[in-house]
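Trainee: Below is the sequence, then the predicted model.
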Amino acid sequence: MSAPVLCLASASPRRRDLLASIGVPVTVHPCDIDETPLVGETPHAYVQRLAVAKAEAAAPLTGLPTLGSDTAVVVDGRILGKPADFDEGAEMLRLLSGRTHEVLTAVAVSGPAGMLSSCVATQVTMREISADEITAYWRTGEPADKAGGYAIQGLAAIFVKQIQGSHSAVVGLPLFETTHLLCRQGVPIWRRV
Ligand SMILES: Cc1cn([C@H]2C[C@H](O)[C@@H](COP(=O)(O)OP(=O)(O)OP(=O)(O)O)O2)c(=O)[nH]c1=O
């Protein structure tokens with residue numbers, strides 16, 4: 001296994017796998033950050049603030065550049081985080097059924113160039129989802145640790161009619177923008193290995 005070139009301030013296996021897919025081995029240091037939105041905070045400012053806070057919290061733990069990220073599903077101006085239980089998960093999918101919502105993912109990388117960050121918005125259109133499908137989907141266990149209560153990369157792909165933007169951002173990390181930030185911080189990716 002290659003030596004880590006980046007500290008990943010995240011408990012998300014999706015983010016680790018996405019970084020591995022572009023040749024970036026990481027050491028993982030998840031941070032416990034208060035994810036309560038501030039009064040009047042826009043969804044964009046919210047994900048950006050959390051991504052920076054995660055990177056800042058883990059940065060002193062290793063001598064490596066450090067990446068933090070946050071993903072939120074936004075519908076009718078409401079930020080949907082991870083569902084706490086079936087009722088909340090079902091309410092989220094009812095809100096998303098048959099319409100377009102926005103997924104915001106912010107990424108922040110601290111390193112020799114200071115704190116650099118980017119925020120990506122992706123539009124996701126879902127077909128109508130029936131009450132029976134919502135119950136069956138919850139029982140698979142997939143929605144529980146996902147913002148908005150679904151995983152586009154998993155079983156919920158059958159509900160997704162169209163996306164406009166970045167698929168990797170919806171999964172948890174916008175790889176195009178992340179690569180740009182990593183290069184600016186001198187972190188090697190596959191094409192330089
Ligand atoms: C919308 C969507 C979200 N997700 C995931 C990505 C993130 O892991 C999670 C959003 O929660 P986050 O709070 O962004 O991330 P996390 O708690 O998993 O990890 P950490 O805070 O330690 O970095 O939802 C999917 O995997 N697929 C999807 O389609």
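Mentor: Perfect, thanks for sending it. Residues are numbered from 1 along each chain as shown.
Trainee: What are the phi and psi values at the residue of the chain found nearest the ligand?
Mentor: The nearest approach of the chain to the ligand comes at residue 10, 3.0 Å away (CB to the nearest ligand atom). Using the backbone N, CA and C atoms, a C-beta is placed for each residue, glycine as well. Dihedral pair for residue 10: phi -160, psi 140, per degrees, to the nearest 10.
Trainee: repeat for the one 4 residues further on
Mentor: Main-chain dihedrals, residue 14, degrees, to the nearest 10: phi -60, psi -40.
Trainee: Would you mind listing the residues in contact with the residue nearest to it when sequence neighbours are not counted?
Mentor: Using CB to CB, 6 or more residues apart in numbering and skipping residues adjacent in sequence, the residue nearest residue 14 is residue 172, 4.1 Å away. Applying CB atoms under 8 Å, 6 or more residues apart in numbering to residue 172 gives the contacts 12, 14, 15, 18, 69, 71, 105.
Trainee: if we can go back for a sec, show me the contacts for the residue of the chain closest to the ligand.
Mentor: Contacts of residue 10 (CB under 8 Å, 6+ apart): 16, 28, 30, 54, 67, 68, 69.
Trainee: Let's see that with 10 Å instead.
Mentor: 16, 19, 26, 28-31, 51, 54-55, 58, 67-70, 172-173 (CB atoms under 10 Å, 6 or more residues apart in numbering).
Trainee: So how do I select the buried members of those in PyMOL?
Mentor: Buried residues within the contacts of residue 10, by 16 or more other CB atoms under 10 Å, are selected in PyMOL with:
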select buried, resi 16+19+26+28+29+31+51+54+55+58+67+68+69+70+172+173
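Trainee: Before I go, just wanted to say thanks for your time.
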